[in-house]
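> Turn this into a model:
(chains A, B, C and D)
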Protein chains: 2
Amino acid sequence: MGWEDIRAAVLDRIRAREWPPGALIPGEEQIAADYGVARATVNRAMQALADEGFVERKKRAGTRVAALPTRRARLDIPVLRREVEATGAVYAFRLLARHEAPIPDEAAMRMGLPGGTPGLYLETLHLADGRPQVFETRWLNPAALPPLPDFATVTANEWLVAEVPFVSGDLVFSAGPAGAAAQALAIAPDTPVFVTERVTVGTAGPITLVRQSHVPGYRVVMQL
Amino acid sequence: MGWEDIRAAVLDRIRAREWPPGALIPGEEQIAADYGVARATVNRAMQALADEGFVERKKRAGTRVAALPTRRARLDIPVLRREVEATGAVYAFRLLARHEAPIPDEAAMRMGLPGGTPGLYLETLHLADGRPQVFETRWLNPAALPPLPDFATVTANEWLVAEVPFVSGDLVFSAGPAGAAAQALAIAPDTPVFVTERVTVGTAGPITLVRQSHVPGYRVVMQL
DNA sequence: AAGTGGTCTAGACCACTAC
DNA sequence: TAGTGGTCTAGACCACTTA
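I've put the predicted structure just below:
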């Protein structure tokens, strides 16, 4: 009887509606006695079920079956190169633009920086077997970074992942017209594209804001 | 010294490059001795770091700092009603179509069912303060479900969440033209929209395939 | 073959919170 | 204020995997 067995047993009893949504589940001590294991084992099982959103736990109030089980999905975000190579294609990229300039207000605000902060702007096209896949625009905050390479032979993403400790960030998915990305992706400007936007924060402050427009047909797949 | 302290301490030493990417971290016993805690406490901390993708653990081989830290994001998928109500708007829905028919081959294949399986088709429009938000098409597999209600007063989603045990599923994000969803959303057919597609599997087999087209401006936000 | 992480146990103390 | 989950400990055994 490992904790996974306890987890499975409890989940079965939830699925069987023995404990319907909203119901109170017996205490850890009780379950431990029922199955002949230590309370710590039950605790671990219940912790897993809580992580997965099946139950809600509160001290003193006990453990309840989630009324509206929030479904949680986990997304692994690989480095772009790996994503391309996973399909068997050859990855390549082209640096289309690079210049230093004050970070525009909108971008600075997204990064949590004062307007006009000096920044480095990059435009990169990512290719799979020579075909455009992703058009990327990026602002970097040099003040929060070690000396920057010229990004001709390494993508900003891979350099950052390898060199700069990451503290937090957010990720936004949306859809919109290709617009400025149209030319690089060789599609019409009003073609719908999938857009990801990411802000990354390091120990010394905001690091980068990156916006990627994906070629039509791109999909993000998550397991529930 | 709780396990979160140990986690934080180890993470700091990783960030400080004391253990660079790929490096081997001291064993649990060692760390436990260093910080004066029990090995179980260290284990819990390391388990958390592994869950978060900061380290990779292998028996016998020890624990290593992740070389290319795959960034993991967790997405909580709330019931649509809650998503709307969280913005302070009033949620409502309209059932636009409902009929029984064999599930089309493409949809059946996505669900992992043989073509021509009998199904129930629903078209629903979700509204926030009376404004169209989401246009939803759905196939249900009655063979894997208890007797179905008429879905005039409950959405399929909420009924399923409350009544049918959920085993697994997947979730796909993409972008595309509004197309068939255009009329219901009151937008032009070539307007880019954000599309989510979800297959849900229950104990008795595939339950439902649902496709939701979101009104322009919709964004999915995840924390890293 | 040996060392590592994975897990279990029995007991204990504590923080939180519903009552 | 009493009961619940959250956590820690010290010790133990085991499975896995690499050397």
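> In chain A, where is pLDDT below threshold?
Applying pLDDT under 70 to chain A picks out residues A:68-70.
> all strands in it, in order from the N-terminus.
For chain A, the strands defined by DSSP state E occupy A:24-25, A:55-58, A:62-65, A:71-77, A:91-102, A:118-128, A:131-140, A:166-177, A:192-202, A:205-214, A:219-223.
> Can you give the strand pairings for the fifth one, parallel or anti for each?
Strand pairing for strand A:91-102, determined by DSSP bridges: strand A:118-128 (antiparallel).
> go on, the shortest one?
As defined by DSSP bridges, the strand partners of strand A:24-25 come to strand A:62-65 (antiparallel).
> What is the burial count for the closest residue to A:Asp105 other than its chain neighbours?
Among residues not flanking A:Asp105 along the chain, A:Gly115 sits closest, at 4.3 Å (CB to CB, 6 or more residues apart in numbering or on different chains). (Glycine included, C-beta is placed from N, CA and C.) Residues within reach of A:Gly115, counting by other CB atoms under 10 Å in any protein chain shown, total 12.
> So A:Gly115 is in contact with A:Glu106, correct?
No. When contacts are counted by CB atoms under 8 Å, A:Gly115 is not listed as touching A:Glu106 (9.0 Å).
> follow-up on the earlier one: tell me which of the strands of chain A sits nearest to B:Gln183.
strand A:192-202 (17.3 Å; CB to CB).
> Give me the helices and strands touching the closest one, please.
helix A:105-111, strand A:166-177, strand A:205-214, strand B:168-177, strand B:192-202 (3 or more CB pairs under 8 Å, 6 or more residues apart in numbering or on different chains; DSSP states H and E).
> if I pick A:Leu75, what's in contact with it?
Residues in contact with A:Leu75 (CB atoms under 8 Å, 6 or more residues apart in numbering or on different chains) are A:220, A:222, B:72-75, B:222.
> Looking at chain A, which residue is nearest DNA strand C?
Of all residues in chain A, the one sitting closest to DNA strand C is A:Gly2 (2.8 Å; CB to the nearest atom of the strand).
> picking up where we left off before, mind checking which of the helices and strands packed on strand A:192-202 is nearest B:Glu123?
Nearest to B:Glu123 among those is strand B:192-202; the distance by CB to CB comes to 14.9 Å.
> Adjacent strands (with direction) for that closest one?
Strand B:192-202 has these strand partners (DSSP bridges): strand B:168-177 (antiparallel), strand B:205-214 (antiparallel).
> Okay, angle between it and strand B:71-77 too, please.
Comparing the axes of strand B:192-202 and strand B:71-77 via axes from the mean of the first three to the mean of the last three CA atoms, to 10 degrees yields an angle of 80 degrees.
> tilt between strand B:192-202 and strand B:131-140?
Calculated by the same axes, to 10 degrees, strand B:192-202 forms an angle of 40 degrees with strand B:131-140.
> chain center to strand B:192-202: distance?
With CA atoms, centre = their mean, to the nearest Å as the basis, strand B:192-202 stands 10 Å off its chain's centre.
> ok, now stretch A:129-143?
Chain-centre distance of stretch A:129-143: 17 Å, with CA atoms, centre = their mean.
> Show me chain A divided up by domain.
What automatic domain parsing lists as the domains of chain A is A:3-65, A:80-214.
> Now do the longest one: distance from first to last residue.
Counting by CA to CA, to the nearest Å, you get 11 Å between the two ends of domain A:80-214.
> And for the first one?
End-to-end distance for domain A:3-65, by CA to CA: 18 Å.
> Wondering if that domain reaches DNA strand D at all.
Yes. Contact between domain A:3-65 and DNA strand D, assessed by CB under 7 Å from any atom of the strand, occurs at A:25, A:27-29, A:39-40, A:43, A:46-47, A:50, A:57-63.
> Tell me the buried residues within these.
Burial by neighbour count, 16 or more other CB atoms under 10 Å in any protein chain shown: within the residues of domain A:3-65 next to DNA strand D this picks out A:25, A:28, A:43, A:46, A:63.
> Which pair of those residues spans the longest distance?
Across these, the longest distance by CB to CB is 12.7 Å; it joins A:Ile25 and A:Asn43.
> which ones are touching A:Gly130?
So A:Gly130 contacts A:90, A:92 (CB under 8 Å, 6+ apart).
> Identify all contacting residues around stretch A:44-62.
Contacts of stretch A:44-62 (CB under 8 Å, 6+ apart): A:3-4, A:6-7, A:10-11, A:14, A:24-25, A:27-28, A:63-66, A:69-72, B:76.
> isn't A:Thr137 right next to A:Glu123, touching?
Yes. At 5.5 Å, A:Thr137 counts as touching A:Glu123 under the criterion of CB under 8 Å.
> Return the residues of chain A in contact with DNA strand C.
So far as CB under 7 Å from any atom of the strand goes, chain A lies against DNA strand C at A:1-5, A:36-41, A:44, A:58-61.
> Mind doing that once more with 6 Å?
Proximity of chain A to DNA strand C (CB under 6 Å from any atom of the strand) is limited to residues A:2-3, A:37-38, A:40-41, A:44, A:58-61.
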